[in-house]
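Colleague: 3D, please:
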Amino acid sequence: MNGSRVSCGCGERAVITKTNRLSNDCADLYYICKNPACGHKFVMSLFYSHSLSPSSKTTDDLAVALVKALSPDRRKVLQQQMALF
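Modeller: Next up is the predicted model:
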């Protein structure tokens with residue numbers, strides 16, 4: 001969450017110690033309070049909600065980005081599937 005500040009219940013700033021990515025658009029963020037007297041540790045969920053305006057990228061740009069996100073094994077499977085067209 002670049003640029004976002006999260007506060008602990010005690011009012012102090014909290015920082016992310018770990019990110020557990022659940023999918024491309026959802027993650028659990030692990031926080032710890034910066035106040036040593038508090039030391040509260042907590043988890044917040046971050047997820048994609050909706051778009052306010054469509055992407056200006058072309059369909060080709062988006063397809064390339066999706067393929068790059070695949071593991072090498074999944075890319076091979078996709079290549080085999082595409083050969084059927």
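Colleague: Spit out the contact partners of L46.
Modeller: 1, 26-29 (CB atoms under 8 Å, 6 or more residues apart in numbering). In this view, the C-beta of every residue, glycine as well, is placed from N, C-alpha and C.
Colleague: One more pass at 10 Å, please.
Modeller: Each residue near L46 by CB atoms under 10 Å, 6 or more residues apart in numbering is listed here: 1, 4, 16, 19, 21-22, 25-29.
Colleague: Okay, now the unreliable bits of the chain?
Modeller: Per-residue confidence of the chain (counting by pLDDT under 70) places the weak regions at 1-3.
Colleague: Could you report the distance from V43 to S51?
Modeller: 26 Å (CB to CB, to the nearest Å).
Colleague: so which two of the contacts of L46 are the farthest from each other?
Modeller: Of all pairs drawn from the contacts of L46, the one with the longest distance (CB to CB) is S4 and L22, at 18.7 Å.
Colleague: between these two, who's got more neighbours?
Modeller: More neighbours surround L22 than the other of S4 and L22, with 12 against 7 (other CB atoms under 10 Å).
Colleague: Excluding covalently adjacent residues, which one is nearest to the more buried one?
Modeller: Spatially, and ignoring its direct neighbours in sequence, L22 is nearest to D28 (6.5 Å; CB to CB, 6 or more residues apart in numbering).
Colleague: ranges for the helices of the chain?
Modeller: Along the chain, the stretches classed as helices by DSSP state H are 59-69, 72-82.
Colleague: Can you lay out the ones you listed as TSV showing mean neighbour count and distance to C10?
Modeller: Shown next, in TSV, are the helices of the chain (neighbours: other CB atoms under 10 Å; distance: least, CB to CB, whole Å):
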stretch	mean neighbour count	distance to C10
helix 59-69	10	39
helix 72-82	10	45
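Colleague: Need those in TSV (columns: distance to E12).
Modeller: Shown next, in TSV, are those (distance: least, CB to CB, whole Å):
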stretch	distance to E12
helix 59-69	36
helix 72-82	43
